[in-house]
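Enquirer: below is the sequence, then the predicted model.
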Amino acid sequence: MIPLLSSFPLFPVEASQQARQVDTLYIALVIIATFFTAIIFISLAFFAVRYRKGSKASRVLLHPENLKLEITWTAIPLVISAGIFLWSAKLYFDEHVPPANSIEIYVVAKQWMWKIEHPQGNREINELHIPVGIPVKLIMTSQDVIHSFYVPAFRVKQDVLPDRYTTEWFLPTKIGEYHLFCAEYCGTGHASMRGTVYVMDPSDYQQWLAGKTHEVPMATTGEELFQHFACNTCHQENDMGRGPSLYGIYGSTVHLNDGSTVIADQSYIRNSIDDPGGQVVAGYRPIMPTFKQQVSPDQVDQLIEYIKSLRPPEKVAKGMKQ
């Protein structure tokens with residue numbers, strides 16, 4: 001970052017790949033706005049003095065029409081505005097499409113705390129430990145009202161909504177501790193809903209994950225929940241149950257009874273648990289009851305991780321032969 005800006009309190013440290021990109025765009029907008037503001041006020045002052053009352057300056061209109069001038073002052077702002085739009089749009093899409101190799105971490109917002117769980121089973125409250133130099137994708141939902149996950153040093157912010165998933169990703173570039181805030185008013189304790197993001201060396205991060213030996217991986221907990229709620233009696237591996245097999249379903253295209261298709265991602269699985277009659281798989285009847293009041297948001301995340309771990313039967317068989 002520019003030295004002047006790094007010492008200015010309104011600009012927090014740049015600690016992610018997105019931070020530099022956002023700051024560059026912001027500084028460009030400030031420079032452009034300052035340039036045209038200066039032209040307007042300098043011109044205003046010049047004409048106010050030159051054509052003040054009593055001035056002998058000629059007020060005769062010499063060129064009532066100037067097509068070249070009109071095209072110029074229309075084309076230049078148009079090109080600048082289009083450039084800003086394309087630049088901003090690219091940055092927007094880059095910030096909303098996480099890399100395929102991102103680490104996935106689940107976040108559940110609740111008045112007034114952040115509950116975070118890593119796939120390895122490590123759980124945190126108002127803290128997030130992540131490795132430097134590796135993209136991190138947050139899969140977030142709210143247990144009550146709308147919240148917003150905001151890390152100023154990363155220049156990223158995303159609303160966290162009840163009954164649905166939103167995602168946010170960033171690539172941390174600097175080891176350190178950074179503030180985490182809720183940027184959406186969520187009730188009387190909103191101001192206290194804050195935490196700390198710890199960016200660590202990858203080896204230290206792995207040690208931190210391994211250091212909590214009592215933690216159970218999310219997929220393992222999800223498997224226990226799968227059996228506890230008797231999901232395995234209907235969703236069998238051989239597709240002979242009353243419901244479709246879930247082996248290899250994650251990330252695949254699912255054909256529905258109404259003729260439409262949907263990608264089996266986190267949102268689809270969550271919707272199937274909360275409202276199973278909303279998206280019925282082709283060839284099956286809508287007989288599954290809702291588990292919305294029986295499964296917490298944390299447990300839904302654990303079930304999703306278990307379903308993600310279920311490999312297609314043919315791949316399982318090949319792996320056994322090898």
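Expert: Now that the structure is in, tell me what you want to look at.

Enquirer: can you pull out the strands in the chain?
Expert: Counting by DSSP state E, the chain has strands at residues 103-110, 113-117, 123-125, 127-131, 136-142, 147-151, 156-160, 166-170, 176-182, 194-200, 253-255, 261-263.

Enquirer: just the mean pLDDT for the last one, thanks.
Expert: Right, the one you point to is strand 261-263. Averaging pLDDT along strand 261-263 yields 91.

Enquirer: sorry, back to before: out of the strands of the chain, which is closest to residue 40?
Expert: strand 156-160 (32.3 Å; CB to CB). The C-beta positions use only the backbone N, C-alpha and C, and glycine is treated the same way.

Enquirer: list of residues touching that closest one?
Expert: Identification of contacts with strand 156-160 by CB atoms under 8 Å, 6 or more residues apart in numbering yields 16, 18, 95, 107, 109, 138, 140-142, 146-151, 166-170, 183-184.

Enquirer: ok, 6 Å please
Expert: For strand 156-160, the external contacting residues (CB atoms under 6 Å, 6 or more residues apart in numbering) are 18, 109, 140, 142, 146-150, 166, 168, 170, 183.

Enquirer: distance check, residue 119 against residue 216.
Expert: 11 Å (CB to CB, to the nearest Å).

Enquirer: give the residue spans of the chain that score low on pLDDT.
Expert: For the chain, the stretches flagged by pLDDT under 70 are 1-10, 63, 212-213, 313-322.

Enquirer: got the domain ranges for it?
Expert: Following automatic domain parsing, one finds the domains of the chain at 3-96, 103-211, 218-321.

Enquirer: most neighbours per residue, which of the ones you listed?
Expert: Stretch with highest mean neighbour count among the domains of the chain: domain 103-211 (a mean of 18; mean count of other CB atoms under 10 Å).

Enquirer: so what pairs up with residue 256 in the strands?
Expert: For residue 256, the residues forming beta bridges with it (DSSP bridges) are residue 281.

Enquirer: how close does it get to residue 269?
Expert: When distance is defined by CB to CB, residue 256 is 14 Å away from residue 269.

Enquirer: what ranges does the stretch 151-300 of the chain have for its helices?
Expert: Using DSSP state H, counting those that start in this stretch, the helices of the stretch 151-300 of the chain run over 202-211, 218-228, 266-274, 297-309.

Enquirer: possible to save those as JSON lines with distance to residue 84?
Expert: Shown next, in JSON lines, are the helices of the stretch 151-300 of the chain (distance: least, CB to CB, whole Å):
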{"stretch": "helix 202-211", "distance to residue 84": "37"}
{"stretch": "helix 218-228", "distance to residue 84": "42"}
{"stretch": "helix 266-274", "distance to residue 84": "32"}
{"stretch": "helix 297-309", "distance to residue 84": "38"}
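
Enquirer: out of those, the one nearest residue 27 is which?
Expert: Nearest of these (CB to CB): helix 202-211, 31.1 Å.

Enquirer: helices and strands around the closest one, which ones?
Expert: strand 127-131 (3 or more CB pairs under 6 Å, 6 or more residues apart in numbering; DSSP states H and E).

Enquirer: now do the contacts for residue 99.
Expert: residue 135.

Enquirer: which one of the helices of the stretch 151-300 of the chain lies nearest to residue 246?
Expert: Of all these, helix 297-309 sits nearest to residue 246, with 5.3 Å by CB to CB.

Enquirer: what angle separates the closest one from helix 266-274?
Expert: 120 degrees (axes from the mean of the first three to the mean of the last three CA atoms, to 10 degrees).

Enquirer: pull the residues that contact stretch 19-32.
Expert: 14, 91, 154, 155.

Enquirer: for these, which one is nearest residue 128?
Expert: Once CB to CB is applied, the member of the contacts of stretch 19-32 that ends up nearest residue 128 is residue 154, at 10.9 Å.

Enquirer: gap between the closest one and residue 12?
Expert: Distance of residue 154 to residue 12, given as CB to CB: 9 Å.

Enquirer: and what of residue 111?
Expert: Noted for residue 111: a distance of 26 Å to residue 12, by CB to CB.

Enquirer: give me the neighbour count for residue 100.
Expert: A count of nearby residues for residue 100, using other CB atoms under 10 Å, gives 7.

Enquirer: and it, how far from residue 251?
Expert: Plainly put, residue 100 is 11 Å away from residue 251 if you go by CB to CB.

Enquirer: what of residue 65?
Expert: 62 Å.

Enquirer: then residue 131?
Expert: Distance from residue 131 to residue 251, by CB to CB: 24 Å.

Enquirer: what of residue 192?
Expert: Taken as CB to CB, the span from residue 192 to residue 251 is 38 Å.

Enquirer: same thing with residue 27?
Expert: Residue 27 sits 39 Å away from residue 251, going by CB to CB.

Enquirer: ok, residue 188 next?
Expert: Counting by CB to CB, the gap from residue 188 to residue 251 is 41 Å.

Enquirer: bridged to the nearest residue to residue 96 once chain neighbours are set aside, which residues?
Expert: Leaving aside its chain neighbours, residue 96 sits nearest to residue 167 (7.8 Å; criterion: CB to CB, 6 or more residues apart in numbering). According to DSSP bridges, the partner residues bridging residue 167 are residue 139.
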